[in-house]
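[1] Turn this into a model:
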Amino acid sequence: MSLTRPRSRNLGAGLIGLVDDFMNWLLYGYETWLVALLKGVPLFLYVYFLLTYVPNYVYYGVTQYIPFLKFSPDVGFIVAQGVGGTNFLVLIVLALWTQAARGRRGFGWSLVRILDFLQMLFVYLLLIPLLAFNMAGGTFVPVTGQNPFPLQAVGFGTLVAGLGAASLVYLYFEFRRVTRREAQQAAARSAAFEAG
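    Here you go, the predicted model:
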């Protein structure tokens, strides 16, 4: 049976249906090792970002960069740990609601998959390039005399963003290939049943 539904004549509804079908396949369908890799590595980096980068940003924000706060390092550490714990709970909720949406249709379940898709776009096109930019020496909070946007950091971040976009294109074509094959198999089974 095909994973895709009939195309809608409304462009917006058709696009939402396409995203819903794509995420149904990506989250719950058959996958090759390359698809699993393109899912697993960004997921790991997303978890890493939420549990390490975000609390670190919060710590420096509340202790140094937000003028009206300027907490002590101890208070900043407590605040950062609270943010990290909250982010851990957010990850658990994301995992539970994604699993709960498996095989279910309806507005709420489609909304869950669409939110997962938007998070995926964020990770592939913004988060991973940001991590690459930082790794190559770029920063949005430079110290005195530091060049915040060195050429190698901007170039590496841009290259990684391009690779993220290419990964999304590959996943789309793999989705089309798999669903086309499943539709052909379903049509063949239906024809054999009617002939028998």
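
[2] Helix, strand or coil: sort out residue 139 for me.
    coil (DSSP: H, G, I helix; E, B strand; the rest coil).

[3] Just read off the phi/psi values of the closest residue to it other than its chain neighbours.
    Distances taken as CB to CB, 6 or more residues apart in numbering place residue 148 nearest to residue 139, at 5.1 Å, with adjacent residues excluded. Where C-beta positions appear, they are placed from N, C-alpha and C, glycine not excepted. Per-residue torsions, residue 148: phi -70, psi -20 (degrees, to the nearest 10).

[4] any idea how far residue 148 is from residue 141?
    According to CB to CB, to the nearest Å, residue 148 stands 8 Å off from residue 141.

[5] Enumerate every residue touching the residue nearest to residue 139.
    Applying CB atoms under 8 Å, 6 or more residues apart in numbering to residue 148 gives the contacts 138-142.

[6] now the helices for this protein?
    Using DSSP state H, the helices found in the chain span residues 11-28, 33-48, 54-60, 73-100, 107-122, 128-135, 151-195.

[7] between these, which one is nearest to residue 67?
    The closest of the helices of the chain to residue 67 is helix 54-60. By CB to CB, the value is 13.2 Å.

[8] Just list what the closest one packs against, helices and strands only.
    Helix 54-60 sits against helix 73-100, with contacts defined as 3 or more CB pairs under 8 Å, 6 or more residues apart in numbering; DSSP states H and E.

[9] quick one: average pLDDT of the helix it packs on?
    The pLDDT scores in helix 73-100 average 94.

[10] circling back: take the helices of the chain and lay them out in a markdown table including mean neighbour count and distance to residue 67.
    What follows is the helices of the chain, written out as a markdown table (neighbours: other CB atoms under 10 Å; distance: least, CB to CB, whole Å):
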| stretch | mean neighbour count | distance to residue 67 |
| --- | --- | --- |
| helix 11-28 | 17 | 42 |
| helix 33-48 | 14 | 30 |
| helix 54-60 | 17 | 13 |
| helix 73-100 | 14 | 14 |
| helix 107-122 | 16 | 29 |
| helix 128-135 | 18 | 24 |
| helix 151-195 | 14 | 27 |
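
[11] Can you say which of those is nearest to residue 66?
    By CB to CB (comparing all of these), the closest turns out to be helix 54-60, at 9.3 Å.

[12] Report the distance from the closest one to the chain centre.
    The chain centroid and the centroid of helix 54-60 are separated by 21 Å, computed with CA atoms, centre = their mean, to the nearest Å.
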